[in-house]
Structure formats: C-alpha cells, structure tokens
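Undergrad: Sequence first, predicted model second:
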Amino acid sequence: MRGWLLDLNISGRDSVALWIKEKHGRVLQHNIRWMPRIYVAGPPDRLEELERRLAARYEVCPVDKIVRPGSGHVRVLEVATPSHEKAWLARWIHGFGFEIYNVDLPPLQELLYQLDIYPTALLDLTCLKALDNVDDIEYDISVFRTAYLNITTASQELIARFSDRLQSIRLEMDGEVIELDGPEDHILMGLEKALDGIDILLTEDGDGFTIPYIHYRASANGLKIRLGRAGDTIHPPSSRIYQSYGRVHHRFNGSKLIGRVHIDTSNSMLYRETGLEGIIEVARTTRVPLQDAARYTIGNCMSSLQYYQAYRAGILLPWKTGKPTYMTARQLNIADRGGWILDHVPGIYWNVGELDFQSMYPTLMLKNNISGETVNCECCDGVDVPELGYHICDRWRGIVPRAIEIPLQKRLEYKRLYRETGIRIYKRRADALKWILVTSFGYLGFRKAKFGSREAHMTVCALARETLMKSIAIAEEMGFRVIHGIVDCLWISKDGAGDSEYIELAAEIEDRLGLPISYEGRYRWIAFLPSKIHAGRPVNNRYFGIFTDGRLKYRGIELRRTDTPELVKRAQLEMLEKLAEAREPDEFTVKALECYQILNKYLRRLYSGEVDLGELVITNSLSMNIDRYSHQPRHVIAAKRLQYRGVEVRPGQPVSYIISASVGPFRATPLGLAFNYSVEAYAALLKRAFETLINTYTLSGTAQHPSLSTVHR
C-alpha cells in the first residue's frame, strides 16, 4: 500500500494517526503506536535510581547521545511519555537537579524526524518509508483537492458576531462553485456533505472567526458538525502578540482540523507571501505538519530544519538555551558592525548594471561551516576569521550548515527554472525558501537559538564585508565604477558597456570569490532617492528604475508601502510607467510634464467625487494597546471608534480606515462606517507620490519640475 501523507495527529495516549491520500482519491487513517521522548542527563548512580522510579509508569531505557555538538557520546536516560504529560514530567524531573533535553521538541515533528518522512511525501505504508526525496524539485501535489470557503452572515453590525444567523456558504474548487443557502440547519448539513473529497480547506479569518462560528451555529441549531475527517476539537478564538525585528505582530491560534488541512489565508504570513505552493515547500523541507507550517513564524519552521539534523545525528536539544557574550566597548565596536553600505549620490544614472549575490549570508555560513558551536570552538584552533580574531572549527561540521544545505541548493535551482520557464510555482517555492534562509542568519544571533551565538552572527557579517570589498576591487580593476552598494548587492556602471560586459564581470567575481552571483540586468536608467527630511542626503534601499528589457523595479516608494491607498498606488505606477518611456536624458523633461498631467487627472477625479471609497482605504497596524498612545494618529482614532462599537482591536492587528472630511476625533473613519473623505488629505498624498518621482529628477540637474502650486483641481 502507498499514498501521500496529508495530515497527522495524536490519536491516543500512545498512538498517532497518519492520514494518507490514495491515488484513486480515498483518504485512509493509518494508526501507529508511538510516544515522544525526553532525555535525562546526570550522575550514573542517580540515573539508575530515577530509572527505577519511572519504570512502573513509563517506557525507560539508557541510551548513548551527544549533549554538546562536537563532543563524544554520554549515557542518558530515554523516557517515552504521552504528549500531554511531557512538560509536566520534565518539570518534575528537573526539580531534582537533572538536565533535561528535547522537552520543547513538538511531538509530531519528532515523529517525522524519527521516521524520516515529511508532509505530502509518497509513502510505502508497509514499512513507513518515503518513496520520494525531500530534495526533489519536481513533486506531485495535484492529488490533493483544494477548496476555498467563504461565509455570509445576516449581520447588521460592522463586525459579524457568533449570534448572527448564517445566511449562506460558498465553496470554490477546481473551477466549480457550490452555493448553500436557506435555513441554517440545511446550510450546515450541506456543508459537511460538500466537504467530502476536499483535502485542503482555505478560509479568510477561519482561525479568528469562520471555523469557530460554524461550530457555534451548528450547536445553536442542535447539530454536531464535522469539518475534518474525524471529530473536530474547536476552541473559542484565542490569539497571541509577539515582536519580530522591531514590529508587533498578532496571530490567532489555529482552528486545525483532523484528516483535512485548514489554512487561514489571513493568519498565515507564508500564504500571503508565497501561496499554498510555498507552504507545502516549507512543510516538506522543514518537516513540519502542513497546518502548523501555515501558522508558524518562519523562525519556527527554520528551527525545525536544525532540530531534524540534530535529531538524526543523535544530538540532544537543551531545554534552557543561550549563553552570555562578554566584550569590551572596543571589541564590540570592531565586531558588531553588520554589512557594508556604500552611499550613493542621489540622482539619475544611465546604463547601470545590478549584481546580486544569491543568498550571500547562508552561502557564507555553508561554505565556511558557521554555526553556534563551530565559532570559537574548544576542540581546535580552526580557521581564522578576518578582523575579529575568532576561529571556525575544522573538525566538526556545524548543525546550521547541515540544515541550510538542501534549501539553499533547491532555491538556486528553483530560481534557474523560473528564469528559463517563467512558471510561477517555481518562484513561489524559491521565495518560500528565501524566507527560511534569511531567518537562518538572523537566528544565529537570537538569544534563544539552540545552535546560535553572537560570535557566529558577527562572523558572518565580517565575511560579508570582506566579500563586498573584494567585489568592489574586482569591479574597479575591470574598469567599472561602483555607484551604490547594500550588503550583498552592487550597482555599477561603465560607459558604453553592454550586457555581455556586465555578465563577464559577474562571472569573474563568482570565479574568484567562489560565491554564486546573479546579474539582475542592466538599467536604462535608475534613480536613487534622497532623504525627505535632509534633501541631498542618500537613503538606502529607496530607488526606482527601468531595465533595458522593460522591467520596472522600485523599492522604498509609495508603491511598495502597505499603508498607501490604492488610488495613490495606481497614480504613481502610471507616472512611473510614463517616466520609463524616456530613453535619453533630454526626454525626461517631456515625460516629467506628462507625469504632471497624470497627477492632475487623478486630482480631478478626487475633487469631482469620481473615486470609490475602496480606492482610499489606508491600513495600519497597532503597535501597542490604544490607551497607551500619547499621540493620536489616524489608525488609533479609527481603532477607538471600533472599540466604541464593541469591536476590540489588539496590538499587531490591522486597522483599515478612510481619512474623513471631519476634524478632531472623527478625522479617521473605520472602513464600513465611512461616507465621505477629505479631499485635501488625499490630494496631499497624491502630490507626495508625484514629488517622490520628480524630486530626484530635479536633483540630477536635468530640468525643473512643475510647481505644485499650479496643480489644477
């Protein structure tokens, strides 16, 4: 018997259910006997005593494991325990002074590691062996049938509530649409039947509302509904707030189904960025169940890669992590400097090539064997690190390099396939793996990382700085001028140079440095922007330009911001496309004037009321509770108005609003309550988008842009 692994769940005290999709469409439940393990280290005589005490209730046996990467095996006690007792038992044993390991390893991930299988793998059920490989580029997921679920409630309020009657349900799958309406009990019974044969269920706000709401309405109608393939365990919606890279995020805890995968598209960063294909790629590569991969932070998924490598190597995961790093101020000033930034002179540049190291930091980590346990190891003098006086172990291959090797190789291959074929699924998979690789570097310096250290993090930065400076030297040696550089990317120019010369430079850098580098293309022109506060000063990662093949690229302008209204985005894109028509400097004067006309066109629409409110929506997220704000920005005002109507908005959650024509506490109106808008406020946003594009043109000294004081209404 064989089939594809769709889902898995704890099904009893000592059993796990695997849900297998057969080739002919049936989904089978395959039960196996299994329990997670914890490991206990301590003096041999005390371990013997502990073994005798635990043997009456748990499966206990002495085993040899590695407690410190790079060191030898030691005798520890392996304790098999039911999942729900694992944390309690670990705390109890730890209270007697023992060291505990693998406590926070998620049980289902541990099972996947032990069996060496992964979600969507083709399995031979007779021996529970994967018949395909995790590093496969081409794999079949067409066997899984996907549907999108949307509900309509009979709500009279801005936000639907559990008490509102269910009005209709819409299911979309494979081009087919199923509409269910009528009495509530009829809709709910019809939904359970309609889900037969569906393997992956997509919803919007399913974790925070839709799935719990459906169960609530079923209970209100005296029904017991099953949305999974076994009994659902649905709890009231709950959520958590966390910080990542200085931003506050809000995430609902999952409403997961059994035997059927549920993904809330609004509660999954991976889905928003890479779609279902990206979630499946990450779940396979990191060995995380699909429903967890959709909801995990990318750091959790990346950590699973490291845990898998450690587990297969017999290395135990410490319960308590992190070690302090002690440095003098001088040492810190030398070591903790990040990557090089080479400032540009704001303005417009012609015939510019862009070179981008492909996954530079992960590649350096792989090539140089950088991991928390390999930098400044105690077993050897290793390889010296430039600038820092550190060394890297040359006897032990680190866990981090082991973990990132497959995703790094797969991403490069996906990028190559996308360039050659244009098939979007390759891009989504490559983008998903990019998030994993970027996070692998960030976690090196994370204080809770089990295989990281500050020294390892700073080692990567030092090697990256050396790489960029060597690349600049090679470029200048070959007659190119470096215009701008950001950590792993260079913009270079050479009078009269064509694509072949830029490609030759990229090949020379790759050959001499041994790192993959891609030639992104040649810009007909590119504009690097100045600071809005200090005119003439450069701002990194704010630019726009047109490649010779017609592709637009822009970073850091209104078009890329999530809080820019759709009206302003469309206007700026139209202006940018107009500027892109300029093929020589003298044409900019004409194109800038035409951008001025585009601005006037959108202003006329605004002043004449020919815009939909949907084009004016602005979305911002709260960074803290609304009562903690000392100032009152618009999104906080909108959140307070929602709160007044009984809708709680928590930190990290987005607030969508319209800038209203009112003043004071009513100058921002939540979406759904808005009936007018401030013409002046949106006109200012349009003018700012115009100035972003034209001010750099002015700085280049080519011409003066039209005065905004003459803009017509």
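TA: In hand now; what should we look at?

Undergrad: Arg337 versus Glu466, what's the distance?
TA: For Glu466, the distance to Arg337 (CB to CB, to the nearest Å) stands at 12 Å. For every residue, glycine as well, the C-beta is placed using N, CA and C.

Undergrad: ok, the two, which is more surrounded?
TA: Glu466 (16 against 13; other CB atoms under 10 Å).

Undergrad: can you count the residues close to Phe544?
TA: 25.

Undergrad: And it, how far from Thr459?
TA: On the measure of CB to CB, Phe544 and Thr459 end up 35 Å apart.

Undergrad: likewise Arg295?
TA: Going from Arg295 to Thr459 by CB to CB gives 33 Å.

Undergrad: Neighbour count: the two, which is higher?
TA: A direct count of neighbours by other CB under 10 Å for Arg295 and Thr459 places Thr459 higher, at 28 against 25.

Undergrad: how would you label that one: helix, strand or coil?
TA: helix (DSSP: H, G, I helix; E, B strand; the rest coil).

Undergrad: Any regions of the chain where pLDDT drops low?
TA: Along the chain, the model assigns pLDDT under 70 to residues 156-158, 235, 239-240, 242-250, 322-323, 663-666, 671-674, 696-713.

Undergrad: just checking, what's the longest strand in it?
TA: The strand that spans the most residues within the chain, counting by DSSP state E, is strand 517-530.

Undergrad: How about residues contacting the following helix or strand past that strand?
TA: As assigned by DSSP states H and E, the chain's next helix or strand after strand 517-530 is strand 538-547. Contact partners of strand 538-547, identified using CB atoms under 8 Å, 6 or more residues apart in numbering, comprise 341, 343-346, 352, 486, 521-532, 552-557, 576, 579-580, 693.

Undergrad: Parallel or antiparallel, which strands does strand 538-547 pair with?
TA: Using DSSP bridges, the strands paired with strand 538-547 are strand 517-530 (antiparallel), strand 552-555 (antiparallel).

Undergrad: Alpha carbons only: can I get the shortest one in CSV?
TA: What follows is strand 552-555 as a C-alpha-only set of coordinates in CSV (Å, rounded to 0.1, in the frame of the first residue of the first chain):
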residue,chain,number,x,y,z
LEU,A,552,10.3,48.1,-13.7
LYS,A,553,11.9,47.8,-10.3
TYR,A,554,11.2,50.1,-7.3
ARG,A,555,11.9,49.9,-3.6
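
Undergrad: Now it: buried residues?
TA: Buried residues in strand 552-555, counted by 16 or more other CB atoms under 10 Å: Tyr554.

Undergrad: and it, how far from the chain's centre?
TA: 21 Å (CA atoms, centre = their mean, to the nearest Å).

Undergrad: Give the next helix or strand downstream of it.
TA: In N-to-C order, the element after strand 552-555 by DSSP H and E is helix 566-579.

Undergrad: quick check: angle from that next one to strand 538-547?
TA: 60 degrees (axes from the mean of the first three to the mean of the last three CA atoms, to 10 degrees).

Undergrad: name the helices or strands packed onto the following helix or strand past helix 566-579?
TA: Later in the chain than helix 566-579, the nearest helix or strand by DSSP H and E is helix 587-608. The contact analysis (3 or more CB pairs under 8 Å, 6 or more residues apart in numbering; DSSP states H and E) places helix 587-608 against helix 566-579, helix 679-699.
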